[in-house]
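Undergrad: I'll drop the sequence and a predicted model, then ask my questions.
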Amino acid sequence: MGFGKRVITSMWGGISFLPVVIMVNDTLISVTPVPDHLMEPGLEVGEWLLVDKLSPKLYHWNREDVVLLRSPFKPAEKSVRRIKALENDWLFHKATAEGAYVKMGHCWIEGDAPHPHEEVINQRASPTLCGPVPLALITGRATHVIWPPSRVRKVW
């Protein structure tokens, strides 16, 4: 077999594997960075998360899950937040000192930071600080921190 034919054969093998990689990334698992400071101290900017993308498609989520979601205001932006309440739940919100009802098809999300950093709020880097969001915006559930190596662990 000539050199050119071997190159083309090996390229074809790599190209034929590409759809499998894309399918796994879109539907099963992916990795994403923590985009802002609102999940500190539990998750820090610069850490990378392993994201389970199958759970939201099967409607498998629980209170206290850390999820990846699209911003309702800027769909190109992704946020990492914690689910505090699911549909048909009542919750007492600390900031307003009032109860809130989470309607069907929604969940209540919040960051872990006790006081969001001023620069994040002022720059509007992440408009989904907390509150109700449609469940359809959830694109994945964070399961593990995979980078940096010194902080590899399961996400609680």
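TA: It's in.
Undergrad: Just give me the longest helix of this structure.
TA: helix 3-27 (DSSP state H).
Undergrad: after that one comes which helix or strand?
TA: strand 29-33 (DSSP states H and E).
Undergrad: buried ones in that following strand?
TA: For strand 29-33, a neighbour-count test (16 or more other Cβ atoms under 10 Å) marks Ser30 as buried. Every C-beta, even on glycine, is put in place using the N, C-alpha and C of the backbone.
Undergrad: That strand - contacts with which helices or strands?
TA: For strand 29-33, the packing partners by 3 or more Cβ pairs under 8 Å, 6 or more residues apart in numbering; DSSP states H and E come out as strand 48-52, strand 138-147.
Undergrad: how much does the longest helix of the chain deviate in direction from strand 48-52?
TA: 80 degrees (axes from the mean of the first three to the mean of the last three Cα atoms, to 10 degrees).
Undergrad: what's the angle between helix 3-27 and strand 138-147?
TA: Orientation of helix 3-27 against strand 138-147 (the same axes, to 10 degrees) gives an angle of 120 degrees.
Undergrad: and helix 3-27, how far from the chain's centre?
TA: Chain-centre distance of helix 3-27: 28 Å, with Cα atoms, centre = their mean, to the nearest Å.
Undergrad: One more: stretch 89-102?
TA: On Cα atoms, centre = their mean, the centre of stretch 89-102 falls 23 Å from that of its chain.
Undergrad: same deal with stretch 59-67?
TA: For stretch 59-67 - counting by Cα atoms, centre = their mean - the centre lies 11 Å from the chain centre.
Undergrad: Over to stretch 134-152?
TA: Relative to the chain's own centre, stretch 134-152 is displaced by 5 Å; criterion: Cα atoms, centre = their mean.
Undergrad: pLDDT on it, on average?
TA: Per-residue pLDDT over stretch 134-152 has a mean of 95.
Undergrad: Export that stretch to PDB, keeping only CA atoms.
TA: In PDB, the C-alpha atoms belonging to stretch 134-152 read as follows (Å, rounded to 0.1, in the frame of the first residue of the first chain):
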ATOM      1  CA  PRO A 134     -37.600  27.200  33.200                       C
ATOM      2  CA  LEU A 135     -36.400  23.700  33.500                       C
ATOM      3  CA  ALA A 136     -35.800  23.700  29.800                       C
ATOM      4  CA  LEU A 137     -32.800  25.900  30.200                       C
ATOM      5  CA  ILE A 138     -30.900  23.300  32.200                       C
ATOM      6  CA  THR A 139     -28.400  21.700  29.900                       C
ATOM      7  CA  GLY A 140     -26.500  19.400  32.300                       C
ATOM      8  CA  ARG A 141     -25.700  18.400  35.900                       C
ATOM      9  CA  ALA A 142     -22.200  18.800  37.300                       C
ATOM     10  CA  THR A 143     -20.900  15.600  38.800                       C
ATOM     11  CA  HIS A 144     -17.200  16.100  39.400                       C
ATOM     12  CA  VAL A 145     -14.400  18.800  39.400                       C
ATOM     13  CA  ILE A 146     -11.800  17.400  37.000                       C
ATOM     14  CA  TRP A 147      -9.300  20.300  36.900                       C
ATOM     15  CA  PRO A 148      -7.000  21.400  38.400                       C
ATOM     16  CA  PRO A 149      -5.600  18.000  39.500                       C
ATOM     17  CA  SER A 150      -5.200  19.200  43.100                       C
ATOM     18  CA  ARG A 151      -8.900  19.800  43.400                       C
ATOM     19  CA  VAL A 152     -10.400  16.700  41.700                       C
END
